[in-house]
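**Q** Have a look at this fold, sequence not included:
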C-alpha cells in the first residue's frame, strides 16, 4: 500500500488541535527497529520502501492503551538538528464486540 | 486591539543574520503565551485553539489536556472523544501538538505518514509510503 501527503510547518508558539489519528484496520504495520530509529524516514532523500511483510495492526476486543508519536524534522538546515520522535500521553480505549443484527 | 509584529533574528555560523517577521493577532499571542507558560507532561488548563488553528470549533470551552514528554520543546497530547468503541467502528483519536521552542518544525498534520501509534506497547508505523514538501518557505 502506498499513500501520499504533505509536510506542514509548525511555527514557534503555535499549537495544532484536532489532528485526526485513525486506527483503521490495515492502515498500520509493525514498526521495525529502523522505523523507530527514523532510518526509514529520509526527509531529504524521498522514498521509503514498504516491504509489505510486517504484521498489520488489529484491534481485538478488550482494553488497549494507545499512544501516538509524530516524526518531526527541524525545518531549517541552520538548526543542524536531526529528525526526532515526540510521543503523546497514553489513552485507554476499549473495543467491544458489535451486537448481532436483529432480523 | 492591535496586532503585534515579532521579529526573529538568527545568526548563522558564518555570521550572516537571518531575519523573520511574524504578525501576531491578539488571539494567537494569547494562545502562544499560555502555551509557553504551561509545563508539558502534566494535565493543564489550555484554551481552546484559536480560530486560525481550529476553524471547526472556534468557541469550544476550555479543555484540560494531558501531554506527553516534550522533545525539542514540542509536546503532543492525545485525546479520545469516547473510551468504548464497537468492533465494527474505526476508533478515531485526536492529537494536539504544541511548539514551545524557537525552531520551525515540520511534520504531517493531515497525513499519517509521519505518525506512529503504539498499541499495548507495540509500535506501528503508517503504511503510507511517501510524501511531498508543502511549506510556506521550506528548504
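**A** All right, it came through fine. What you are looking at is a predicted structure, and each value in this text was computed from that prediction instead of being measured.

**Q** May I ask which helix or strand of chain A has the lowest mean pLDDT?
**A** Between all helices and strands in chain A, the lowest mean by mean pLDDT, DSSP states H and E belongs to helix A:33-36, at a mean of 82.

**Q** Check which residues of that one are buried.
**A** residue A:35 (16 or more other Cβ atoms under 10 Å in any protein chain shown). Bear in mind the C-beta positions are built from the backbone N, C-alpha and C, glycine included.

**Q** Which parts of chain A are strands?
**A** Using DSSP state E, the strands of chain A run over residues A:6-10, A:15-22, A:28-30, A:62-74, A:84-87, A:91-96.

**Q** Could you check the angle the last one makes with strand A:62-74?
**A** Here strand A:91-96 points in a direction 140 degrees away from that of strand A:62-74 (axes from the mean of the first three to the mean of the last three Cα atoms, to 10 degrees).

**Q** Direction included, what does strand A:91-96 pair against?
**A** strand A:62-74 (antiparallel), strand B:84-86 (parallel) (DSSP bridges).

**Q** what's the last one in contact with?
**A** Under the criterion Cβ atoms under 8 Å, 6 or more residues apart in numbering or on different chains, residues A:93-99, B:91 lie in contact with strand B:84-86.

**Q** Need the residues you listed in TSV (columns: pLDDT).
**A** Putting the contacts of strand B:84-86 into TSV (pLDDT from 0 to 100) gives the following:
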residue	pLDDT
A:93	95
A:94	96
A:95	95
A:96	94
A:97	88
A:98	78
A:99	69
B:91	96
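
**Q** thinking again about what came up before, could you dump the strands of chain A to JSON lines with mean neighbour count?
**A** Listed next are those as JSON lines, based on neighbours: other Cβ atoms under 10 Å in any protein chain shown:
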{"stretch": "strand A:6-10", "mean neighbour count": "20"}
{"stretch": "strand A:15-22", "mean neighbour count": "19"}
{"stretch": "strand A:28-30", "mean neighbour count": "20"}
{"stretch": "strand A:62-74", "mean neighbour count": "20"}
{"stretch": "strand A:84-87", "mean neighbour count": "19"}
{"stretch": "strand A:91-96", "mean neighbour count": "16"}
